[in-house]
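> sequence isn't available, so here's the structure alone:
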């Protein structure tokens, strides 16, 4: 299987919940739907506390989801390197999200020795049109 | 006073706490230090739950703070328009933050009829070197 | 034909050459390969004068190509509005291009009344891996 | 002199003209006004061929100038490393430039071992309000 992830989804969930419990807890509503070598799909369950004025999901929630998607895609591709860090992120907000789950699909468009670049499209279930599009660069520790 | 804000800091805090309590609550640690026409300075108090692997403050925390800083600067400049929304945001992470408060200073570099662009530098108290730099564009409702 | 462009490729080439001859001339090496409603594909022929130190095509050449691709996609989608202007652009350079033509494919990911957002992938002929990825926002005059 | 550049402006001009003549020639109108350790100021003389529809200077001209400003600031700070390359660039266009010279001032906001981040403000002579603001990251060869 060419696209088998370096770490499986359930193992990543277990490691992330142990390492980073404030984000990867049941209450946060964040979960891994699928991982593969070169990408992943995450879900952010809808939660009232992510709303902002205008009854729409806050930009902060969307940016956090996009950033985590690139992080998970990096780990699924190069293996468990929790110290990978974001060096830059760019987001365009395209449509106001409604009161529903967000699905983030990440595709790594460059996997370099030190820099990995991911592209993320965020949609809502059953909707064609994306609510946001992000690109982000991660710096990864030198590989062993 | 040429730079007097359209809405004072304590009034903005009161309005934001009423409208957007999940972000502007005592527990969130977010507060307005100063506002003026064209900018503002916010503080994010240090909280254990913002840490990520590597014992550093998460990128999501820093992006949220930068986004709120532009939002507050917009409201302080054009008046209370809570439906102003982010259309894009770009962030560069420059240094790993330590376990201390974050201070975000925002300067609006364009105040158009429909688009407002802000630049934000995020530092830690007593440190010269910034931990992050953001620019963000807000779309604002047509002025009355 | 659902995706028929608002203006055909040869008509766009004629109009752009008349309006913007310093960019759309035979010598510039820039040409439209295909347009449709929602996107386009441009070609930048290889030219020695676009090289930079390292014998690679300059970032300025790549950014210009990406910006023109969104411009052409906008015109092909909303019709001839030459005063559409870029409000922001973000580019990630992914691989060093070699001495060969560049192909830019643009897909508009938001077509709003005033703001249009395009995503562009730039490749070299016969290569799978992109050399650059851009997103850019255009402000368009209110539609008649 | 704490801020003395690693390479003086006239020496940089000489080296760039030799290495990169298609950009650093008399006809291009690009020149170094000042360099220091941590930044620089460049001038792009006004040229008819940089105009785009609307009789304004093209975005491509502005992006190229901003990118060169970070390049020159990097060389003035770490020394002559012509193989430094841009990894990402973000630009916000703030006002339509008029038919006049552009001045780009670059300030390096991070000087890391491998990544250098610069911030650039582009103005026109005698004008307070910027026409554009950019940030850009350069990857630099490991230092000797």
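Ah, there it is. The structure presented is a predicted model; accordingly, all values stated were derived computationally and were not measured.

> in its sheet, what does the helix or strand of chain A with the lowest mean pLDDT sit against?
The weakest-scoring helix or strand in chain A, judged by mean pLDDT, DSSP states H and E, is strand A:51-52 (a mean of 87). Strand A:51-52 sits in its sheet next to strand A:56-57 (antiparallel), going by DSSP bridges.

> helix or strand right after the partner strand?
As assigned by DSSP states H and E, the chain's next helix or strand after strand A:56-57 is helix A:59-78.

> can you pull out the low-pLDDT segments for chain A?
A:1-2, A:143-144 (pLDDT under 70).

> re the thing from before, distance from the least confident helix or strand of chain A to the middle of the chain?
Relative to the mean C-alpha coordinate of its chain, strand A:51-52 is positioned 20 Å out (CA atoms, centre = their mean, to the nearest Å).

> can you list the neighbours in contact with that strand?
The contact list for strand A:51-52 (CB atoms under 8 Å, 6 or more residues apart in numbering or on different chains) reads A:57, A:58, A:59, A:99, B:20, B:22, B:23. The way it works is simple: take the backbone N, C-alpha and C, and place the C-beta from them, glycine included.

> now with 6 Å, please.
Residues from elsewhere that reach strand A:51-52 (CB atoms under 6 Å, 6 or more residues apart in numbering or on different chains): residue A:58.

> same check, this time on stretch A:13-23
Contact partners of stretch A:13-23, identified using CB under 6 Å, 6+ apart, comprise A:24, A:32, A:82, B:49, B:52, B:53.

> other SSEs contacting the helix or strand where residue A:33 lies?
Residue A:33 belongs to strand A:30-36 when assigned by DSSP H and E. On a contact count with 3 or more CB pairs under 6 Å, 6 or more residues apart in numbering or on different chains; DSSP states H and E, strand A:30-36 meets helix A:9-19, strand A:39-44.

> so what's residue A:104 bridging to?
Beta bridges link residue A:104 to residue A:42, residue A:122, judged by DSSP bridges.

> that one: neighbour count?
Using other CB atoms under 10 Å in any protein chain shown, residue A:104 is surrounded by 28 other residues.

> same question, residue A:31
14.

> same deal with the one 4 residues further on?
Burial measure for residue A:35: 27 neighbouring residues, criterion other CB under 10 Å.

> swap in the one 10 residues further on?
Counted with other CB under 10 Å, the burial measure for residue A:45 works out to 14 neighbours.

> roughly how far does it sit from residue A:118?
Noted for residue A:45: a distance of 22 Å to residue A:118, by CB to CB, to the nearest Å.

> what of residue A:94?
Residue A:94 is 18 Å from residue A:118, where distance means CB to CB.

> tell me which of these two has more neighbours.
The neighbour comparison of residue A:94 against residue A:118 (other CB under 10 Å) goes to residue A:118, with 30 against 22.

> which residue packs closest to the more buried one, ignoring adjacent ones?
In space, and not counting its chain neighbours, residue A:118 is closest to residue A:70: 3.7 Å by CB to CB, 6 or more residues apart in numbering or on different chains.
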